[in-house]
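K.L.:
output the structure for:
(one chain, ligands or ions: 1)
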Amino acid sequence: MDAFDHIRRNLDILLVAQRYGINIDRHHKALCIYHQDKKPSMSFKNNRFKCFSCGVGGSSIDLVQKLFSLEPLQAVKKINDDFGLGLDLKTDYKPDMGKIQEMERQRQLLRAFDDWIDKTHSTYARLARYYWQNMQKYRPVNEGDEFHPLYVEAVHRIETVNFYLGILLKGTQEEKTALYKDLNRMEVKAG
Ligand SMILES: [Zn+2]
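P.N.:
Here you go, the predicted structure:
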């Protein structure tokens, strides 16, 4: 296995794409970098990308070639340096098992984070529906009516809930990570 194969097989293309600024959504799609893309048509699967609009597909090496206008070997060198892979590009290459395990761990973390996003999104979508229903149901009818506590709660909370939903759906990786930290901090406090 040479350095090219090693990168194609063992380095997660999602990590590579994200490292170089491609924003991948929770369905593993991104705006295509090969054509003027308005909605994400580039999808990532089996450690490769494929654009369903312009048809271009390939590996993380192809992606880096395109992003930085590099020859294949230059792209491999860049990836090798940026990810600290320590591949010897001149002689036969022996895989570093520690590095491979570390990459597998990162891949699992990434997947766990995606699961968390999905789960949290459905929880907050339910909450948003609940508050919205309470706002309709307990809306004060006449002037001077006392506010129902569930109405007050819904009015106070729905904006925050919608804000979270926006981040979970369309936020950048940084915004999502910040939200993850915030929500976990709250859970720790509540528990
Ligand atoms: Zn495309």
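
K.L.:
in this protein, where is pLDDT below threshold?
P.N.:
1, 91-95, 187-191 (pLDDT under 70).

K.L.:
all strands of it, in order?
P.N.:
Taking DSSP state E, the strands of the chain run over residues 29-30, 42-45, 48-51, 57-58.

K.L.:
tell me which of those lies nearest to the ion.
P.N.:
Smallest distance to the ion across the strands of the chain (CB to the ion): 3.1 Å, for strand 48-51. Yep, even glycine has a C-beta here, placed from its N, CA and C like the rest.

K.L.:
the nearest residue to Gln65 once chain neighbours are set aside and Gly144, how far apart?
P.N.:
Residue nearest to Gln65 in three dimensions, not counting chain neighbours: Ala75, with 4.5 Å by CB to CB, 6 or more residues apart in numbering. The gap separating Ala75 from Gly144 is 71 Å, by CB to CB, to the nearest Å.

K.L.:
so which of these two has more stuff around it?
P.N.:
More neighbours surround Ala75 than the other of Ala75 and Gly144, with 23 against 5 (other CB atoms under 10 Å).

K.L.:
contacting residues for the more buried one?
P.N.:
Residues near Ala75 by CB atoms under 8 Å, 6 or more residues apart in numbering: 61-62, 64-65, 68.

K.L.:
filter the residues you listed down to the buried ones and hand me the PyMOL line.
P.N.:
A single PyMOL command selects the buried members of these (16 or more other CB atoms under 10 Å):
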select buried, resi 61+62+64+65
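
K.L.:
which residue ranges make up each domain of this protein?
P.N.:
Following automatic domain parsing, one gets these domains for the chain: 3-95, 105-190.

K.L.:
ok, back up a step: just the contacts of Ala75: which are in helices?
P.N.:
Within these, residues falling in helices by DSSP state H are 61-62, 64-65, 68.

K.L.:
on that earlier part again, take the strands of the chain and lay them out in CSV including mean neighbour count and distance to the ion.
P.N.:
Converted to CSV, those look like this (neighbours: other CB atoms under 10 Å; distance: least, CB to the ion, whole Å):
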stretch, mean neighbour count, distance to the ion
strand 29-30, 20, 10
strand 42-45, 18, 6
strand 48-51, 20, 3
strand 57-58, 16, 9
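
K.L.:
okay, those in TSV with distance to His156 next?
P.N.:
Output for the strands of the chain, formatted as TSV (distance: least, CB to CB, whole Å):
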stretch	distance to His156
strand 29-30	35
strand 42-45	39
strand 48-51	43
strand 57-58	48
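
K.L.:
of all those strands, which one is nearest Asn10?
P.N.:
Proximity to Asn10 (CB to CB) singles out strand 48-51 among those, at 13.6 Å.
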